[in-house]
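1. Sequence plus the predicted model coming up.
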2 protein chains.
Amino acid sequence: MQLDVSTLPALALGCGILGTGGGGATDIGLLACLQAVQDFGPVPVVDLDDLPDDGLLMPCGGIGAPTVSLEKIESGYEGTRLREMVERLHGTPVVAFMAGEIGGSNGLIPAVWAARAGVPVVDADGMGRAFPEIPQVTMEVAGISPNPAVMTDERGNVVVFRAVDGHWMERMERAAAVEFGGMSWSSEYQLTVVEAKAGAVVRGSISLGMRLGNAVLQAEHDPVEALVQELRAALLIVGKVMDVDRRTTGGFVRGSATIEGLGADAGRTLRLEIQNENLIALEHERVLATVPDLISVLDTESAAAISTERLRYGQRVSVIAFPCDPIWRSARGLELAGPRAFGYDVDYVPVEELHARA
Amino acid sequence: MQLDVSTLPALALGCGILGTGGGGATDIGLLACLQAVQDFGPVPVVDLDDLPDDGLLMPCGGIGAPTVSLEKIESGYEGTRLREMVERLHGTPVVAFMAGEIGGSNGLIPAVWAARAGVPVVDADGMGRAFPEIPQVTMEVAGISPNPAVMTDERGNVVVFRAVDGHWMERMERAAAVEFGGMSWSSEYQLTVVEAKAGAVVRGSISLGMRLGNAVLQAEHDPVEALVQELRAALLIVGKVMDVDRRTTGGFVRGSATIEGLGADAGRTLRLEIQNENLIALEHERVLATVPDLISVLDTESAAAISTERLRYGQRVSVIAFPCDPIWRSARGLELAGPRAFGYDVDYVPVEELHARA
């Protein structure tokens, strides 16, 4: 498998769906990827089994507010600087880049850098979706150290962080990203292939992204329906965006969106609460889906995901929800990324159970 | 010369005077120093000429808002962590610690760490006073790189910065210091002894601090008068603090203080504008002294300096001003730390000229 002009559009669609509203709009990441493979050639996608056990994987991507990422574009050299510093700090070469999160533009950006660097990307990521905060990765669940983290901006500044824990890594990196203008690029939780194989990553993320993208592209009639089938997703509502309350604050996009039902869903109202990603879907006080399960807002016509920074009044949307990777349903996973981690005083109930009740 | 219980009190007094309001209140630095020399023995003070030319000097101290430094105390291990990381990054041992700024508590803190580390402090600093911002050091004037900077907090977090210039180093370090709670500890602009000797530092800073402290301690009648004589300082006003406007914001203390004359100065009013340090002394619109010259507020009875975070209504004070190190009067020095660098639309006139006119 390789990433080139023929495969990237499907991956971009899939990353959007897996982004659950966050990770940055995929159109920018796709443009950067297409340019990179045109300039430097296709990027091989490798399986963990194809890499040496002691090889070093570099998780990487953007950090900041997706609203800012719409206009604060990377220079293209960020990945090179991250790789140089990561290799220097570990004293060993990086064998593959890995998306810290497969969701949104962050699922594509490692391929931009990989094309330039001449290294493969690995068919895995650290979330199986997108999450807003640094320690919300499967590597943290697995006990991998976030240190050393490396961050760079488009100007050429480079910062290395050694944090006492994931919480302080988030605080330090977020503060730096805000100072850099609200977006930055970084690598944390570098790990070896053998650690990744032992369960510290979500495997097959790029393949999954492609499969979802192809399900949409190849749908004969109703792409949303095709995707719902492919994902065995719950279709929460089909309707229209009525209101968006969105602020860019503290290095995040925060707010909520209200969707009114149309057609068979007329009279229903769904509210999404947002921190970069869609965190929780509520109908009045009833929870329809919550983190760590995935909630994606799709264009009803095309099934292309609409990221939180692009939501606006009048869009015709279908909201779907589907199960997260099982690692997030562990006690530590829910502690890091369950509803209470985001301040919601509700117990986590898997989306398939919520949907079965409904 | 060595720093011990017999010499530290004079140095603390001198650092206060050279702090020109900033660098942190010296009482905390003095307490930490006295404890350190009691626990680990006296700290040798060495001249640059006593050190090997290729030896690495580690400038260091606190960064943040002096108000915060009154209650956010270091753990004692900060210097050890800074040294370890500096040595690792340079691949060579540190031969001496150096105060980034001799002014205020920052003139003393390197001795706390030196006692614990068993290394000497060098009789020099990077300012000959205190300034609020990272690149306002003689090393920047001399063209020494600020990279790599190392920062740590009392929790054990460590950050390494490689900035594209001194301005970005200031922005990145300030943002991190704010995130750490408003105070942090750092090293920038590491240099070799031969670079220091070539004019990149202010020599004799510790000796000067001691001499000023001893002039105050040994004064038979009027310590302020003794100090004015020793420094050939201009006595700007003798009076009483009438008003203090002080905010802790963006990692700095900012504001102003108004001093009304008493006795021979009755009827006069002096205003000091503050960014950690006293930046400019104004009588109505007339400039009496400005950065980079030193403006210090002294207790009229004892001649102990009163730092900007300790200024309060009713204090009987004498305000003095005296010339900065000549390096600050160079074009690059004034560009970095002259009145315009702080947003004042006035040309720099040396304090001795201003005083001769008055």
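-> Alright, I've got the coordinates.
2. What pLDDT does the model give the closest residue to A:Gly61 other than its chain neighbours?
-> Counting by Cβ to Cβ, 6 or more residues apart in numbering or on different chains, A:Asn106 is the residue found nearest to A:Gly61 once chain neighbours are left out, at 3.8 Å. For the C-beta atoms, the positions are set from N, CA and C on the backbone; glycine is no exception. Note for A:Asn106: predicted pLDDT of 96.
3. do the same with A:Glu225
-> Per-residue pLDDT puts A:Glu225 at 97.
4. same thing with A:Val216?
-> On pLDDT, A:Val216 comes in at 97.
5. returning to that earlier point: any idea how far A:Lys72 is from the residue nearest to A:Gly61?
-> Look at A:Asn106 and A:Lys72: by Cβ to Cβ, to the nearest Å, they are 14 Å apart.
6. who in the stretch 151-300 of chain A is up against chain B?
-> Counting by Cβ under 8 Å from any Cβ of the partner chain, the stretch 151-300 of chain A comes close to chain B at A:155-164, A:168, A:171-172, A:174-176, A:178-179.
7. again, 10 Å this time
-> A:151-153, A:155-165, A:168-169, A:171-180 (Cβ under 10 Å from any Cβ of the partner chain).
8. Could you tell me which of those are located in helices?
-> If you go by DSSP state H, these have A:168-169, A:171-179 in helices.
9. Count the residues that sit near the residue nearest to A:Gly61.
-> Number of residues near A:Asn106 (other Cβ atoms under 10 Å in any protein chain shown) recorded here: 28.
10. looking at this, it is in a helix?
-> Yes. Assessed by DSSP: H, G, I helix; E, B strand; the rest coil, A:Asn106 belongs to a helix.
11. Report whether the one helix or strand A:Arg81 maps to contacts chain B.
-> Per DSSP states H and E, A:Arg81 falls inside helix A:78-90. Yes. Helix A:78-90 reaches chain B (Cβ under 10 Å from any Cβ) through A:81, A:85, A:89.
12. ok, of the residues you listed, which come out buried?
-> A:81, A:85, A:89 (16 or more other Cβ atoms under 10 Å in any protein chain shown).
13. In TSV: these, plus pLDDT.
-> Listed next are these as TSV, based on pLDDT from 0 to 100:
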residue	pLDDT
A:Arg81	96
A:Met85	97
A:Leu89	96
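14. And the lengthiest strand in chain A, what's buried?
-> Secondary structure assigned by DSSP state E gives strand A:234-249 as the longest strand of chain A. Residues of strand A:234-249 classed as buried under the neighbour-count rule (16+ other Cβ under 10 Å) are A:234-241, A:244, A:246, A:248.
15. One more: stretch A:28-36?
-> A:28-34, A:36.
16. Likewise for stretch A:85-95?
-> For stretch A:85-95, a neighbour-count test (16+ other Cβ under 10 Å) marks A:85-86, A:89, A:94-95 as buried.
17. Let me know the closest of the residues you listed to chain B.
-> A:Met85 (8.4 Å; Cβ to the nearest Cβ).
18. wouldn't that closest one be in contact with A:Gly156 here?
-> No. Here A:Met85 lies out of contact with A:Gly156, judged by Cβ atoms under 10 Å, at a distance of 12.0 Å.
19. State the distance from A:Ala25 to B:Ser205.
-> According to Cβ to Cβ, A:Ala25 stands 54 Å off from B:Ser205.
20. More neighbours: the two, which one.
-> Using other Cβ under 10 Å as the criterion, A:Ala25 and B:Ser205 rank with B:Ser205 on top: 28 against 23.
21. so what's that one up against?
-> The contact partners of B:Ser205, by Cβ atoms under 10 Å, 6 or more residues apart in numbering or on different chains, come to B:14-15, B:18, B:98-99, B:101-103, B:107, B:121-129, B:325.
22. Show me what the helix or strand where A:Val297 lies is packed up against.
-> Counting by DSSP H and E, the element that carries A:Val297 is strand A:294-299. Counting contacts by 3 or more Cβ pairs under 10 Å, 6 or more residues apart in numbering or on different chains; DSSP states H and E, strand A:294-299 packs against helix A:8-18, helix A:223-231, strand A:234-249, strand A:269-275, strand A:277-283, strand A:316-322.
23. hmm, 6 Å instead?
-> Here strand A:294-299 touches strand A:316-322, going by 3 or more Cβ pairs under 6 Å, 6 or more residues apart in numbering or on different chains; DSSP states H and E.
24. List the neighbours of the strand it packs on that are in contact with it.
-> Strand A:316-322 has contacts (Cβ atoms under 6 Å, 6 or more residues apart in numbering or on different chains) with A:224, A:231, A:233-238, A:240-241, A:289, A:293-298, A:300, A:351.
25. do the same with stretch A:84-103
-> Applying Cβ under 6 Å, 6+ apart, the set of residues contacting stretch A:84-103 is A:18-20, A:23, A:51, A:55-61, A:83, A:106-107, A:110, A:114, A:119-122, A:124-127, A:129-130, A:148, A:150, A:158, A:187, A:190, A:205, A:209.
26. swap in stretch A:331-342?
-> Contacts to stretch A:331-342, defined as Cβ under 6 Å, 6+ apart, come from residues A:131, A:136, A:141, A:279, A:290-292, A:327-328, A:346, A:348.
27. dump the residue contacts of A:Val241.
-> Contact analysis of A:Val241 by Cβ under 6 Å, 6+ apart lists A:259, A:311, A:313, A:315, A:317.
28. For the residue lying closest to it once chain neighbours are set aside, grab the count of nearby residues.
-> Counting by Cβ to Cβ, 6+ apart, A:Val241 lies nearest to A:Gln315, which is 4.4 Å off, once chain neighbours are set aside. When neighbours are defined as other Cβ under 10 Å, A:Gln315 has 18 of them.
29. Kindly report the same for A:Glu220.
-> Count around A:Glu220 with other Cβ under 10 Å applied: 6.
30. Confirm A:Met58 sits in a helix?
-> No. A:Met58 sits outside any helix when classified using three-state DSSP, being strand.
31. in the sheet, who's paired with it?
-> A:Phe97 (DSSP bridges).
32. For it, list the residues it contacts.
-> A:Met58 touches A:86, A:94, A:97, A:187, A:190, counting by Cβ under 6 Å, 6+ apart.
33. So the fourth one is in contact with A:Val150, correct?
-> Yes. Taking contact to mean Cβ atoms under 6 Å, the distance of 5.1 Å between A:Ser187 and A:Val150 places them in contact.
34. Now do the shared contacts for those two.
-> Shared contacts of A:Ser187 and A:Val150, defined by Cβ under 6 Å, 6+ apart, are found at A:82, A:86.
35. which of these two has more neighbours?
-> Using other Cβ under 10 Å as the criterion, A:Ser187 and A:Val150 rank with A:Ser187 on top: 27 against 24.
36. What distance do you get for the nearest residue to the more buried one once chain neighbours are set aside to chain B?
-> Using Cβ to Cβ, 6+ apart and skipping residues adjacent in sequence, the residue nearest A:Ser187 is A:Cys60, 4.3 Å away. Per Cβ to the nearest Cβ, to the nearest Å, A:Cys60 is found 18 Å from chain B.
37. how about low-confidence regions in the stretch 1-150 of chain A?
-> Scanning the stretch 1-150 of chain A for pLDDT under 70 picks out no residues.
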